[in-house]
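Enquirer: Just a sequence and a predicted model for now, questions to come.
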Amino acid sequence: MRDADFFRRWMVATAAVVEREADRLTELDSPIGDADHGSNLMRGFTAVRAALNKDTPAAPGAVLQHAGRTLISTVGGASGPLYGTLLRRTGKELGDAAEVSDEDFRGALDAGVGAVARLGGAAPGDKTMLDALIPGVAALGTSYRAAADAAEGGALATVPMRAHKGRASYLGERSVGHQDPGATSSALLLGALADVADGLL
Amino acid sequence: MRDADFFRRWMVATAAVVEREADRLTELDSPIGDADHGSNLMRGFTAVRAALNKDTPAAPGAVLQHAGRTLISTVGGASGPLYGTLLRRTGKELGDAAEVSDEDFRGALDAGVGAVARLGGAAPGDKTMLDALIPGVAALGTSYRAAADAAEGGALATVPMRAHKGRASYLGERSVGHQDPGATSSALLLGALADVADGLL
Amino acid sequence: MRMLINSAETVVADALRGMAAAHPELDVDVERRVIARRDAREGGRVGLVSGGGSGHEPLHGGFVGYGMLSAACPGEVFTSPVPDQMVRAAKVVDAGQGVLFVVKNYTGDVLNFDMAAELAEEDGIRVERMLVDDDVAVTDSLYTAGRRGTGATLFVEKIAGAAAEAGAPLDQVAAVARRVNGASRSFGVALSACTTPAKGSPTFDLPDGELELGVGIHGEPGRERRAMMSAREIAEFAVGAVLEDLAEVAPADGPVLALVNGMGATPLLELYGFHAEVTAVLAARGVPVARTLVGNYVTSLDMAGCSVTLCRADDEMLRLWDAPVQTPALRWGR
Amino acid sequence: MRMLINSAETVVADALRGMAAAHPELDVDVERRVIARRDAREGGRVGLVSGGGSGHEPLHGGFVGYGMLSAACPGEVFTSPVPDQMVRAAKVVDAGQGVLFVVKNYTGDVLNFDMAAELAEEDGIRVERMLVDDDVAVTDSLYTAGRRGTGATLFVEKIAGAAAEAGAPLDQVAAVARRVNGASRSFGVALSACTTPAKGSPTFDLPDGELELGVGIHGEPGRERRAMMSAREIAEFAVGAVLEDLAEVAPADGPVLALVNGMGATPLLELYGFHAEVTAVLAARGVPVARTLVGNYVTSLDMAGCSVTLCRADDEMLRLWDAPVQTPALRWGR
Ligand SMILES: Nc1ncnc2c1ncn2[C@@H]1O[C@H](COP(=O)(O)OP(=O)(O)O)[C@@H](O)[C@H]1O
Ligand SMILES: Nc1ncnc2c1ncn2[C@@H]1O[C@H](COP(=O)(O)OP(=O)(O)O)[C@@H](O)[C@H]1O
Ligand SMILES: [Mg+2]
Ligand SMILES: [Mg+2]
Ligand SMILES: [Mg+2]
Ligand SMILES: [Mg+2]
């Protein structure tokens, strides 16, 4: 069973890895975007960490909802509402139980990813964060590490894709050959989850 | 004795050399000025050539006055009124004789240079065109070639000077170490004169 | 990095402090990032709220004032603002007649404004939303996020603002805003990439002697790169692209409102020269120009380049365009 | 070369054609290079004529109109105009009340305007001339061409223009113009050099991470090069330099008119952030700010950077500043 602290540590670990990788995320957002994905997420997860350090809700669901609301209020851009919705929806699914099973969490995250797909209207292969999130969540049944690896693979698989959603879609054919920044940050998010689950962080 | 055609050929030769050296003059005007001396003079002397080709006055004095007026009407900047005054005043001194002696011309040019000094208020050593014109005219008694060489020497001698007039004066100490563009173009003017006098052009 | 800033993190807050100091007639909330008319709630008008990433100044903050926007929400550089800002703006300007959100069609702007509209309506504020999507460089298909909103935003904000100022109800203000957008098309060209404070280097590589056709206003690369073209050729290309698309707007032979817009670093001297060519192309194609605006209005930080926006304006739009306006960046009649 | 031009030779003529197309309310003589008010000779006002090299737009052509300049003479890029232009302008605007030439203190401008004044007077036009020389970066000594004219030109043209509009006679228009200049000081900073169309490459080398303090508006290098400074530090330095020099202007504690000016390529976003710092420095030194203008008004092509101009304005100047003005670049009250 996972308690609120597990989810707090996931968010803190994500803030750390986003901070470390912010420049790379922004670099990826340069050729096919507007060069802000790294600073967007850094602003957001720094705020999440601060919010959770100030007061951590007692329930896993409340932690993720609080994190999601904070992202929505601080990030802006496309990724703010999308990641915000991912965490809020996942948190809502978790309800107010003080501890949740891995299986409950898997179902909740799946619902969260579904909410992202509905909000953004993207499908797999559109070269978005979904291309990392969907395979990632699908592999969660195996292990957290497997999920992280699958998300990483999904992010790499966006390179040959032509973007159909978000800013990269303006480039048409010219979007091919670049890795999607949002898919990359989604892999970081699931990577942080695996690290926390594996007791590495 | 020198006729109107001699002075016309001087102006045409100047137009040609200014055209060839325009980029260098502009380059010289970059570090201590506003990077336009070459294009200023090219615009002016191209207009002078066109004006004289359309109708060449019959008297040497009229040729130079016409050239001077054309410079004033087309160049602008500091060099337009200064070179315009140089030629107009020299032309006025020559009066309306159909032919003038080298000695008359020397006196007239001396008066022209004096008018430039009065108009611009510069003294020798101020790092201006006068630093080429004054030694140049002084050497005219020897030969046209000597005048050209002296003007060339005068232009080179502006390198270590600190500018006290014109745009370069704003730089104070930082104007030291650069050759004055106006002194350089004055040397070209007297060089063209020597070439025409020597029958090279 | 050749920026006149204190730090990349404080750029937007610093600019808001400067706006507050320079424009005491505006209510600039630096903390909450809302620039509003002080008299927004007087007179019982419909509120007009816009916003978007910073770096496009004077858009949008420079268009707040009499006869134009009631409030603007500046996001981080090139990043849409967050819903909290728009909700706050709606509250500050709502006089009970409702609020129109003018949203440029970018995924981020759309999502954040949508969330804000929901929240504001939960708070009892009537909200309409309209999308600006005038950029013909982007194909509007199932395979893109749709056309971007660029120069037409100025037309929409000015004309809808005049309608609101005149006391039109929310549905009419929204309707004229949508009509203006529907009658407007834009095309942009970059001669250099821009540098965001956060990245500190150009957002894309543009070798000297090349240009990007169909560039966006966020440093997104364009759809095509070509060898440098003359002002005349660029005008031919851009006006051609706009007119081709505008042909679907009736009446196909009506007069246009023209915005010849600088991207930021292109000198006004060049922009006027470009405008001469735009005028020549329009004349050659028999398009009458009713009104013209030349300048830096919808910029992209320090990008060199330009865009052309044409709006087939009907009489009502022209009348509203001519109505008095008093904002930091657009002012006439008062 | 990243320029939106047809050719270096036609830049000024092309821009004038564009001005003519964009501003039908102005009489733009592309051939003779004079931009004039159509109603310049109506009402029997004193004529106000200015001019200078191009590349500083909107200065001066953008300041022609009601309540400001009667006519402007644009020279080649960074090159003073020729006397023929000023004589023509004087003829076009003289209503028998005489003409004031507003001349920025550069050798070329001074010489050409002087020749023009002589020629115009031979033609029976009464001409007064006043010099703008507000740039404190240049020491006014026997060993320089004197202080350059920069940002104060806008103050002089606006305030003297209002006086002329109100019907003041030539000597009074000249007197208030001189008083404004005497009470004004400027300081400029470049973060990058500009590129002239004729040269096609930057007029000076400015390594990344350095800036030029005390730069001119013609791409002339400044007096000192330093490592990059923050907006706050630049404001401290520039405002400090201006105030130090302004101390000699009485009353030393009067309110100031402030122009926070962009050199061309600095985004408005940054300029507003800089203005916040300028405001802070002025507040810290107890200098009350009566009026503020933030924007790109006296530019240097695509140079990045800024300048600060302060004028210790008396009541008459403030009243004339507030008077209506209607020009392409400055407009209020009409
Ligand atoms: N419609 C969408 N659905 C899912 N993800 C999207 C969508 N649009 C954009 N994204 C994701 O958002 C990322 C960009 O985020 P970010 O750079 O922060 O926002 P913005 O594009 O507004 O600058 C993209 O790389 C992509 O993965
Ligand atoms: N007061 C002066 N007296 C004599 N020559 C001068 C004076 N001021 C400037 N010059 C000359 O003019 C040259 C610059 O000419 P140019 O670049 O065409 O004009 P501007 O300085 O107006 O751009 C200088 O190199 C200098 O030789
Ligand atoms: Mg982005
Ligand atoms: Mg020069
Ligand atoms: Mg963005
Ligand atoms: Mg010059």
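Expert: Noted; the coordinates are in hand. This one's a predicted model, so the numbers in the text were calculated from it and none came from an experiment. Ligands and ions are numbered 1, 2, ... in the order given.

Enquirer: Please tell me how far whatever residue of chain C ends up closest to ligand 1 sits from ligand 3.
Expert: Across chain C, no residue is closer to ligand 1 than C:G108, which sits at 3.2 Å (C-beta to the nearest ligand atom). For glycine as for every other residue, the C-beta is placed from the backbone atoms N, C-alpha and C. For C:G108, the distance to ligand 3 equals 8 Å [C-beta to the ion, to the nearest Å].

Enquirer: Who are the contact partners of that residue?
Expert: Contact analysis of C:G108 by C-beta atoms under 8 Å, 6 or more residues apart in numbering or on different chains lists A:G76, A:G77, A:A78, A:S79, A:G80, A:P81, C:G53, C:T79, C:S80.

Enquirer: Check the spacing between it and ligand 4 real quick.
Expert: 48 Å.

Enquirer: Are stretch C:106-113 and ligand 5 in contact anywhere?
Expert: No. Counting by C-beta under 5 Å from the ion, ligand 5 is not contacted by stretch C:106-113; separation bottoms out at 5.7 Å.

Enquirer: buried stuff in that stretch?
Expert: C:Y106, C:T107, C:G108, C:D109, C:V110, C:L111, C:N112, C:F113 (16 or more other C-beta atoms under 10 Å in any protein chain shown).

Enquirer: check contacts around the closest residue to ligand 1 within chain A.
Expert: Ligand 1 sits closest to A:G182 of chain A, with a gap of 1.9 Å, by C-beta to the nearest ligand atom. Neighbour list for A:G182: A:H37, A:A78, A:S79, A:L82, A:T128, A:M129, A:A132, A:G166 [criterion: C-beta under 8 Å, 6+ apart].

Enquirer: now do C:R185
Expert: Counted by C-beta under 8 Å, 6+ apart, C:R185 has contacts C:D134, C:D135, C:V136, C:A152, C:V242, C:D245, C:L246, C:V249, C:T309, C:L310.

Enquirer: The fifth one sits in which helix or strand?
Expert: Think C:V242. In this assignment (DSSP states H and E), C:V242 forms part of helix C:231-246.

Enquirer: That helix near chain D at all?
Expert: Yes. For helix C:231-246, a contact with chain D is found by C-beta under 8 Å from any C-beta of the partner chain, at C:A231, C:R232, C:I234.

Enquirer: where's the last one relative to A:L71, distance?
Expert: Spatial separation of C:I234 from A:L71 under the definition C-beta to C-beta, to the nearest Å is 41 Å.

Enquirer: Those two - which one has more neighbours?
Expert: Taking neighbours as other C-beta atoms under 10 Å in any protein chain shown, C:I234 and A:L71 compare with A:L71 leading, 30 against 26.

Enquirer: At which residues are the strands of the stretch 151-300 of chain C located?
Expert: C:184-190, C:210-213, C:224-227, C:256-262, C:289-295 (DSSP state E, counting those that start in this stretch).

Enquirer: Mean pLDDT added to those, as TSV?
Expert: Output for these, formatted as TSV (pLDDT from 0 to 100):
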stretch	mean pLDDT
strand C:184-190	97
strand C:210-213	94
strand C:224-227	93
strand C:256-262	98
strand C:289-295	98
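
Enquirer: tell me which residues in stretch A:78-87 are buried?
Expert: Buried residues in stretch A:78-87 (16+ other C-beta under 10 Å): A:A78, A:S79, A:G80, A:P81, A:L82, A:Y83, A:G84, A:T85, A:L86, A:L87.

Enquirer: What is the burial count for C:G44?
Expert: 9.

Enquirer: and the residue lying closest to it once chain neighbours are set aside, how many residues sit next to it?
Expert: Of all residues not flanking C:G44 in the chain, C:A95 sits nearest, at 4.9 Å (C-beta to C-beta, 6 or more residues apart in numbering or on different chains). Per other C-beta under 10 Å, the neighbour tally for C:A95 reads 15.

Enquirer: Phi, psi for C:A95 please.
Expert: Main-chain dihedrals, C:A95, degrees, to the nearest 10: phi -110, psi 20.

Enquirer: Starting from ligand 6, give me the distance back to it.
Expert: 56 Å.

Enquirer: How about the contacts made by that residue?
Expert: C:A40, C:R41, C:E42, C:G43, C:G44, C:R45, C:G47.
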